[in-house]
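Enquirer: No sequence on hand, only this structure:
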DNA sequence: GTCTATACGCTGATAGAC
DNA sequence: GTCTATCAGCGTATAGAC
């Protein structure tokens, strides 16, 4: 059974995604939940708390997934495949919250902004290191790792929007296509 | 000499990018320009007019560029290279306004929203058709054109943010790297 | 826990003096 | 064209009855 608080968070995520954080009012959220705005404050402290919780939860999920994959004994190439698979999985499972990571994080304030950007930067660094390993170990031809990272991450970040347009697509199929499309171009011939 | 109106638009674009459209107030813009908020209304009709002008201007630039390239007699592969080159050029030249295209267009209203999405959809369709031509004429191996389009466009859409982080990079070099990175993976071996 | 009532700051925009 | 003064409306959030 979903708690009232969980329900509020889901409604908020949906609206934040559709209209943006700043353009979504507490009255909007209340209407979506089916109560008056004042009642929301029995379950949450503020609008911003709601927002930062959504964002940091996602950032922590990605960090946890990255650490598990990175600490494994897979080859770096397999690690990249696992990472892509994780992004596809999250895009399907958390379509709304995940959109906030790409678009709305600028509205974070204070500690939560700092925490978020640290998690993100550290994630990106680990991702790039794995690409470097792929080159060092002869899986990839030598490319500009920064551009390769940037290109892969950009595509993965837009996955959620693309998936919501075409949700007739089988996630397993999607994953296969993406691994092929993002990695095969980098491989040594 | 820059008109006052042009100056207001530039200041607004910078702030819309940094804080988002909804979070930027007319008083913010006025401060950046160096006047009182009321004075802005001698040059513009409303905040939204300012916003939609910035967005539609960029959308029309892209459409114009696409049409010129598409109507040329280049091979589809060269057309793609020209398109990437155009994206790099615009990302360098219009860094602020271009960010609005990716992030802030949801705040468009009425006719301007309709006009914008039509321009964007038509742009994407033409882009995909060129990719299809590349496959048909044997430049690319047969791939899922939708995913290829999506992957290329996602990367190009993030160019501006990446470029603002690393503006020590030579745009000409950048262009070469991107053409290599985005197209070589698709080519027939 | 939910409601109604309300505080009060900030918003986009206008009126009218200079 | 720019300013000061001002408006009506909406924003988040709280107080207190039930």
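Expert: Nice, thanks for sending it over. Just so you know, these numbers come straight off a predicted model, no measurement behind them. Residues are numbered from 1 along each chain as shown, chains lettered A, B, ... in the order given.
Enquirer: Going by C-alpha atoms from here, please, whenever you check contacts or count neighbours.
Expert: OK.
Enquirer: how about the residue of chain A found nearest chain B, what does it touch?
Expert: Residue nearest to chain B within chain A: residue A:185 (3.2 Å; CA to the nearest CA). Residue A:185 is in contact with B:181, B:184, B:185, B:186, counting by CA atoms under 8 Å, 6 or more residues apart in numbering or on different chains.
Enquirer: Could you find the closest non-adjacent residue to residue A:82?
Expert: Using CA to CA, 6 or more residues apart in numbering or on different chains and skipping the chain neighbours, the partner closest in space to residue A:82 is residue A:69 (7.1 Å).
Enquirer: residues touching the one you found, list them.
Expert: Listed by CA under 8 Å, 6+ apart, the contact set of residue A:69 reads A:79, A:82, A:83.
Enquirer: now swap in residue A:78 and tell me
Expert: For residue A:78, no contacting residues are found, by CA under 8 Å, 6+ apart.
Enquirer: you'd agree it is in a strand?
Expert: No: remark: residue A:78 does not belong to a strand; assigned using DSSP: H, G, I helix; E, B strand; the rest coil, it is helix.
Enquirer: tell me the pLDDT at it?
Expert: pLDDT recorded at residue A:78 is 98.
Enquirer: And residue A:168, by the same measure?
Expert: At residue A:168, pLDDT is 76.
Enquirer: List the buried residues of the longest helix seen in chain A.
Expert: For chain A, the helix with the greatest residue count under DSSP state H is helix A:110-136. Neighbour counts over helix A:110-136 (16 or more other CA atoms under 10 Å in any protein chain shown) mark A:112-113, A:116, A:120, A:123-124, A:127-132, A:134-135 as buried.
Enquirer: Would you mind listing what in chain A touches chain B?
Expert: By CA under 8 Å from any CA of the partner chain, the part of chain A that sits against chain B consists of A:18-19, A:22-23, A:103, A:106-107, A:144, A:147-148, A:150-152, A:154-155, A:158, A:162, A:177-178, A:181, A:184-186.
Enquirer: Any of those buried? List them.
Expert: Neighbour counting by 16+ other CA under 10 Å classes A:22, A:103, A:106-107, A:147-148, A:150-152, A:154-155, A:158, A:162, A:178, A:181, A:185-186 among these as buried.
Enquirer: Do me a favour and get the backbone dihedrals for residue A:140.
Expert: Residue A:140 adopts backbone torsions of phi -110, psi 150, taken as degrees, to the nearest 10.
Enquirer: ditto for residue A:22
Expert: Dihedral angles (degrees, to the nearest 10) for residue A:22: phi -70, psi -30.
Enquirer: contacting residues for residue A:97?
Expert: A:13, A:14, A:17, A:54, A:55, A:58.
Enquirer: any idea how far residue A:110 is from it?
Expert: Distance of residue A:97 to residue A:110, given as CA to CA, to the nearest Å: 20 Å.
Enquirer: Ok, residue A:72 next?
Expert: To residue A:110, residue A:72 is 34 Å away according to CA to CA.
Enquirer: With residue A:121 instead?
Expert: 17 Å.
Enquirer: same check, this time on residue A:83
Expert: On the measure of CA to CA, residue A:83 and residue A:110 end up 30 Å apart.
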